[in-house]
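Chemist: fold the following for me, if possible:
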Amino acid sequence: MPKLLVSRDDRTDVEISYEDQGAGRPVVLVHGWPLSGRSWEAQVPTLVLHGDSDAVVPFEASGRRTAEMVPGAELVVIAGGPHGVNVSHAAQFNAALLDFLGGQTAAARAG
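Modeler: Numbering: from 1, shown residues only. Down below sits the predicted model:
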C-alpha cells in the first residue's frame with residue numbers, strides 16, 4: 001500500500017497509507033485527526049460525519065469541535081452510530097456522503 005510522508009520529527013516519520021480507486025475528482029477521507037481543526041483547512045468544503053454513540057472518539061470531543069472549527073463545514077450526526085459508523089450504519093453514511101458530493105458537484109457546475 002502506498003504511503004505519503006506528512007511529517008518528520010527528531011524521532012520518527014509520520015506516514016499516511018492511502019488507496020487510489022476509481023476516476024474523477026478526488027475524495028479524501030481522513031480518520032483519526034481530532035487534535036486540530038487546522039488540519040482541514042486545505043480540504044474545505046468539508047463534510048463531518050460522526051456517530052453520536054462513538055465511545056472511542058466521542059462526538060463532543062471530535063466531530064462537533066471539528067465542524068465548529070472549519071468554516072462552512074457541513075455536519076451530519078448519525079443517531080446510534082458507534083466508532084466505525086461507516087460500517088455499522090453504512091446505508092446512512094453512504095447516503096450522507098453521496099448527498100454531500102452531489103451538492104458539491106451541482107455547485108461546481110453552477111459556479
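Chemist: can you show me the CA trace of stretch 56-65 as CSV?
Modeler: Taking C-alpha atoms only, stretch 56-65 is exported to CSV below (Å, rounded to 0.1, in the frame of the first residue of the first chain):
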residue,chain,number,x,y,z
VAL,A,56,-13.6,5.6,21.2
VAL,A,57,-13.6,9.2,19.8
PRO,A,58,-16.7,10.9,21.4
PHE,A,59,-18.7,13.2,19.2
GLU,A,60,-18.5,16.2,21.5
ALA,A,61,-14.7,15.9,21.6
SER,A,62,-14.2,15.4,17.9
GLY,A,63,-17.0,15.7,15.4
ARG,A,64,-18.7,18.7,17.0
ARG,A,65,-15.4,20.5,17.6
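Chemist: buried residues in that stretch?
Modeler: 58-59, 62-64 (16 or more other Cβ atoms under 10 Å). For every residue, glycine as well, the C-beta is placed using N, CA and C.
Chemist: just stretch 67-81 next, same as before
Modeler: So stretch 67-81, judged by 16+ other Cβ under 10 Å, has buried residues 67, 69-70, 73-78, 81.
Chemist: from the residues you listed, which land in strands?
Modeler: Mapping the buried residues of stretch 67-81 onto strands (DSSP state E) picks out 74-78.
Chemist: adding distance to residue 96 and pLDDT, write those residues out as a markdown table.
Modeler: Listed next are these as a markdown table, based on distance: Cβ to Cβ, whole Å; pLDDT from 0 to 100:
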| residue | distance to residue 96 | pLDDT |
| --- | --- | --- |
| 74 | 9 | 92 |
| 75 | 10 | 95 |
| 76 | 4 | 96 |
| 77 | 10 | 97 |
| 78 | 7 | 97 |
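Chemist: name the nearest of those relative to residue 101.
Modeler: residue 74 (11.2 Å; Cβ to Cβ).
Chemist: what sits closest to the closest one if chain neighbours are left out?
Modeler: residue 47 (5.1 Å; Cβ to Cβ, 6 or more residues apart in numbering).
Chemist: that neighbour touches residue 98, doesn't it?
Modeler: No - between residue 47 and residue 98 there is no contact under Cβ atoms under 8 Å: 10.6 Å.
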